[in-house]
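# Predicted model follows, preceded by the sequence.
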Amino acid sequence: MPVHKTKGGYKFGKSGKLYKGKGAKKKAQRQARAIYASGYRGK
């Protein structure tokens, strides 16, 4: 699940936090790294 742009900002996958404003994409990418580091492997 990549980081993708939504109407209000950026988020990881379907259930990640929605980040808005300046630096939103970098924050969503940081969340993605943390999710994968904690053991998430996808389908």
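Looks like it came in fine.
# Phi and psi next, for Y10.
Main-chain torsions, Y10, degrees, to the nearest 10: phi -130, psi 150.
# quick one, helices of the protein?
Ranges of helices in the chain, per DSSP state H, are 24-37.
# Pick out the residue closest to the middle of it.
Geometric centre of the chain, nearest residue: F12, 2.5 Å, by C-alpha atoms, centre = their mean.
# quick one: contacts for the spatially closest residue to that residue that is not a sequence neighbour?
Leaving aside its sequence neighbours, F12 sits nearest to A32 (C-beta to C-beta, 6 or more residues apart in numbering; 4.4 Å). Every C-beta, even on glycine, is put in place using the N, C-alpha and C of the backbone. By C-beta atoms under 8 Å, 6 or more residues apart in numbering, the residues touching A32 are 1-3, 12, 16.
# now, the most widely separated pair of these?
Greatest spatial distance among the contacts of A32 (C-beta to C-beta): P2 and G16, at 10.5 Å.
# Between these two, tell me which one has more neighbours.
G16 (16 against 8; other C-beta atoms under 10 Å).
# Torsion angles phi and psi at that one?
In terms of degrees, to the nearest 10, the main-chain angles of G16 are phi -70, psi 160.
# Equivalent analysis for G42, please.
According to degrees, to the nearest 10, G42 has phi 80, psi -160.
# Next, count neighbours for it.
Look at G42: counted by other C-beta under 10 Å, it has 6 neighbours.
# Would you check that it makes contact with M1?
Yes. Contact status for G42 versus M1: in contact at 6.7 Å, counting by C-beta atoms under 8 Å.
# tell me the contacts of the residue lying closest to V3 once chain neighbours are set aside?
Nearest non-adjacent residue to V3, counting by C-beta to C-beta, 6+ apart: A28, 4.4 Å away. The contact partners of A28, taken as C-beta under 8 Å, 6+ apart, are 3, 9-12, 16-17, 19.
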